[in-house]
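Student: Give me a model of this one.
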Amino acid sequence: MKSILFLLAFTLLLSCKTGKVTIRLQNISDYDFKKITVRIGDTLKVFENISKGSKTVAFETNRTYRYCFTSIILSNNDTVNCRPRDFVGEKLHKRGKFKMQFDMLRIPQQRNYYILIKLKRQL
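Tutor: From the prediction side, this is the model:
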């Protein structure tokens, strides 16, 4: 009987645990970022001088999808924005550790840049 109560109490404690999402941003593009601003969940973060291949310090938020609002200022002062319209059909992550990778795509015949965002779970 005691073991059943202990098991029940342990399960209850685990289910009440509030989850957090830990995220680290990584620049995997061929460009240096002068400044990157992201809104992930209800968290707004700004990082400066993120060179190609480098990562930011990790930070916590309450939730994330696989992409987010992003504003990147490149070292040549070009500004590129990603404004998600909705997250319909996207998986909402409420806990875990993730690396959000940012790549830049530029089509040679155009002046536009495109932001490619990849979310990878970290173990």
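
Student: Would you mark the buried spots in the helix or strand residue 80 falls within?
Tutor: Residue 80 belongs to strand 79-82 when elements are defined using DSSP states H and E. Neighbour counts using 16 or more other CB atoms under 10 Å place 80, 82 of strand 79-82 among the buried residues. For glycine as for every other residue, the C-beta is placed from the backbone atoms N, C-alpha and C.

Student: Show the pLDDT at the residue positioned nearest the centre of the chain.
Tutor: Centroid-nearest residue in the chain, with CA atoms, centre = their mean: residue 100, separated by 4.3 Å. Listed pLDDT for residue 100 reads 96.

Student: Run through the residues that contact it.
Tutor: Each residue near residue 100 by CB atoms under 8 Å, 6 or more residues apart in numbering is listed here: 23, 24, 25, 26, 38, 40, 64, 68, 117, 118, 119, 120.

Student: helix, strand or coil for it?
Tutor: Using DSSP: H, G, I helix; E, B strand; the rest coil, the structure places residue 100 in strand.

Student: Across the sheet, point out what pairs with it.
Tutor: Here residue 100 shows beta-bridge partners residue 25, residue 119, assigned using DSSP bridges.

Student: Report the separation between it and residue 91.
Tutor: Here the distance between residue 100 and residue 91 works out to 14 Å (CB to CB, to the nearest Å).

Student: Could you do residue 46 as well?
Tutor: Residue 46 is 26 Å from residue 91, by CB to CB.

Student: Likewise for residue 60?
Tutor: 19 Å.

Student: Ok, residue 110 next?
Tutor: Residue 110 is 32 Å from residue 91, where distance means CB to CB.

Student: Helices of this structure, start to end?
Tutor: 2-15 (DSSP state H).
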